[in-house]
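Visitor: What follows is a predicted structure for the sequence shown.
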Amino acid sequence: MNRFSLFATCGLLSALPAQTTTPAGMSATEGNVSFSFWGPNRRMQGIDATNPSPAVWTRIAFRRDGTAASNSSYTARTFDFEVKLGPANWNFLTNEFDLNYASAPTTVYPMQPTNFPDWSAQPSPAPAPFNFSVMFSVPYTHGGGAFLWDISMQNSTNTGLVLMDREFLQYPSASGAQVGTGCIATGRTSAFAHTAAARNGGAPLGDYAMHLQVAATNAPANAPVFLMLDVADANITLPFLCSTVHAITVPPFVVGQSNASGQLLARHLGFPYNAALVGATIYSQLAAPDVGQPAPFLPVVLSNARASTFPSDPALSHASAYAWSTLPTTSGTVFFGGCPVAELQ
């Protein structure tokens, strides 16, 4: 084989579709739990960092939960179905689905009537075959790193729920204890309130192991929300601020924008595993501009603070997550540690 032929062959092989599951390694292994889907109008995102290698995929498939008993209601049906794929912004995931893409997604299977198979009979042995499969209208090139699959279904001829296979080993999580009280923002009757939680997926997850979740209510309407972090309670009172400053070590940075009702849906700030953080406490506090603050206060409001302690390493987890909603809602809680099992090929 000459040099040109060798290079051409290597290029062809690198573009061939690669078969995998998400989470990885589930082809012949039953997931440890199930998930109810395939009935009402719903959307789901599976966010995966267990398949780091580049690949080209032309189809996605799902399977029945293999441990659930036979059920005559799990009959065949038809619904409108859509599939999108795209790189995931793992280090800044949110409960707002459309913000979880690192760049614009690819609609690989446009919304169209799609037949779903009969899953009535329990498979023997488990796991079940990946027999709800759709071929993409265009191949998807996975560039490596974290990605997400995003499915939507509606107008089903049978709205009864069906159990799909899921692998889920939840990250240990610790909610942050409240420190102090926030300001009253313009137009609100309750204090600007901040919640937080620290999560730890464990050392084997490496770059995808840890994150801090932050969210807020009663912020100023449609305002940028800034996050401040510290390793201790600064506890500074200044006459020109409407509340106490509890976090100052890390300069404020924008984590999102509040909506009209002053809510900031959860943001999940991810970072690599750090053994020194296990058992350590991080103080977090939010700030937002508010021109309606009365003199002598500056035009800014502060939330309460949260003291979040990172939990111990779990025995096992997965660098993946999922979220779902009932349409037309486009947001939902992100669950870290696994997702419904899918096959990509």
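Guide: Nice, I can see it.
Visitor: From here on, just use CA atoms for contacts and neighbour counts.
Guide: Will do.
Visitor: can you tell me the helix or strand for Thr107?
Guide: Taking DSSP states H and E as the criterion, Thr107 maps to strand 106-116.
Visitor: Show me what that strand packs onto, helices and strands only.
Guide: For strand 106-116, the helices and strands in contact under the criterion 3 or more Cα pairs under 8 Å, 6 or more residues apart in numbering; DSSP states H and E are strand 77-87, strand 132-142.
Visitor: For the helix or strand just after the last one, name the packing helices and strands.
Guide: If I follow you right, that is strand 132-142. Downstream of strand 132-142, the next assigned helix or strand under DSSP H and E is strand 147-154. Contact here means 3+ Cα pairs under 8 Å, 6+ apart; on that basis strand 147-154 packs against strand 42-48, strand 77-87.
Visitor: would TSV of those with mean pLDDT and distance to Ala221 be doable?
Guide: Listed next are the helices and strands packed on strand 147-154 as TSV, based on pLDDT from 0 to 100; distance: least, Cα to Cα, whole Å:
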stretch	mean pLDDT	distance to Ala221
strand 42-48	98	27
strand 77-87	98	30
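Visitor: any chance you could map the strands in the stretch 201-345 of the chain?
Guide: Ranges of strands within the stretch 201-345 of the chain are 210-217, 224-230, 250-257, 264-271, 281-289, 300-309, 320-326, 335-336, 338-340, 342-344, based on DSSP state E, counting those that start in this stretch.
Visitor: May I have the third one as CSV, with CA atoms only?
Guide: Right, the one you point to is strand 250-257. Extracted as CSV, the C-alpha positions of strand 250-257 are listed here (Å, rounded to 0.1, in the frame of the first residue of the first chain):
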residue,chain,number,x,y,z
VAL,A,250,-13.4,35.3,44.2
PRO,A,251,-14.4,38.5,42.2
PRO,A,252,-18.1,38.5,41.2
PHE,A,253,-18.9,36.9,37.9
VAL,A,254,-22.2,36.6,36.0
VAL,A,255,-24.0,33.2,36.4
GLY,A,256,-27.2,34.1,34.6
GLN,A,257,-30.1,36.5,34.3
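Visitor: list the helices and strands that strand packs on?
Guide: Looks like strand 250-257 contacts strand 224-230, strand 264-271 (3+ Cα pairs under 8 Å, 6+ apart).
Visitor: Low-confidence stretches in the stretch 51-200 of the chain?
Guide: Low-confidence segments of the stretch 51-200 of the chain, defined by pLDDT under 70, are absent.
Visitor: so which of the helices and strands packed on strand 147-154 is the most packed in?
Guide: Across these, the average number of neighbours (mean count of other Cα atoms under 10 Å) peaks for strand 42-48, which reaches a mean of 26.
Visitor: buried ones in the strand holding Thr107?
Guide: Within strand 106-116, the residues scored as buried using 16 or more other Cα atoms under 10 Å are 106-109, 111, 114-116.
Visitor: Which segments of this protein make up each domain?
Guide: 18-169+318-344, 173-309 (automatic domain parsing).
Visitor: from memory Tyr74 sits against Trp119, does it?
Guide: Yes: counting by Cα atoms under 8 Å, Trp119 is a contact partner of Tyr74 at 5.2 Å.
Visitor: what's around the nearest residue to Gly86 once chain neighbours are set aside, how many residues?
Guide: Of all residues not flanking Gly86 in the chain, Pro105 sits nearest, at 4.4 Å (Cα to Cα, 6 or more residues apart in numbering). Pro105 has 19 neighbours, counted by other Cα atoms under 10 Å.
Visitor: Contact partners for Pro105?
Guide: Listed by Cα atoms under 8 Å, 6 or more residues apart in numbering, the contact partners of Pro105 are 84-87.
Visitor: how would you label Thr29: helix, strand or coil?
Guide: Using DSSP: H, G, I helix; E, B strand; the rest coil, the structure places Thr29 in coil.
Visitor: what's the neighbour count on Val138?
Guide: 13.
Visitor: Over to Ser173?
Guide: Residue neighbour count, defined by other Cα under 10 Å, stands at 21 for Ser173.
Visitor: measure Ala319 to Phe147 for me?
Guide: As judged by Cα to Cα, to the nearest Å, Ala319 and Phe147 stand 11 Å apart.
Visitor: the more surrounded of the two?
Guide: Legend: neighbour count by other Cα under 10 Å for Ala319 and Phe147, higher for Ala319 (29 against 26).
Visitor: so Ser70 makes contact with Asp118?
Guide: No: counting by Cα under 8 Å, Ser70 does not reach Asp118; the two are 11.0 Å apart.
Visitor: Which residue, other than its chain neighbours, is closest to Ala232?
Guide: Leaving aside its sequence neighbours, Ala232 sits nearest to Tyr283 (Cα to Cα, 6+ apart; 6.3 Å).
Visitor: which residues sit in contact with that neighbour?
Guide: 229-233, 246-247, 305-308.
Visitor: still on that earlier bit, find residues that contact each of Ala319 and Phe147.
Guide: Residues touching both Ala319 and Phe147 (Cα under 8 Å, 6+ apart) are 48-49.
Visitor: List just the nearest of the contacts of Pro105 to Ala342.
Guide: The closest of the contacts of Pro105 to Ala342 turns out to be Leu85 (Cα to Cα; 12.7 Å).
Visitor: Quick check: closest non-adjacent residue to the closest one.
Guide: Nearest in space to Leu85, with sequence neighbours left out and distances taken as Cα to Cα, 6+ apart, is Trp149 at 4.7 Å.
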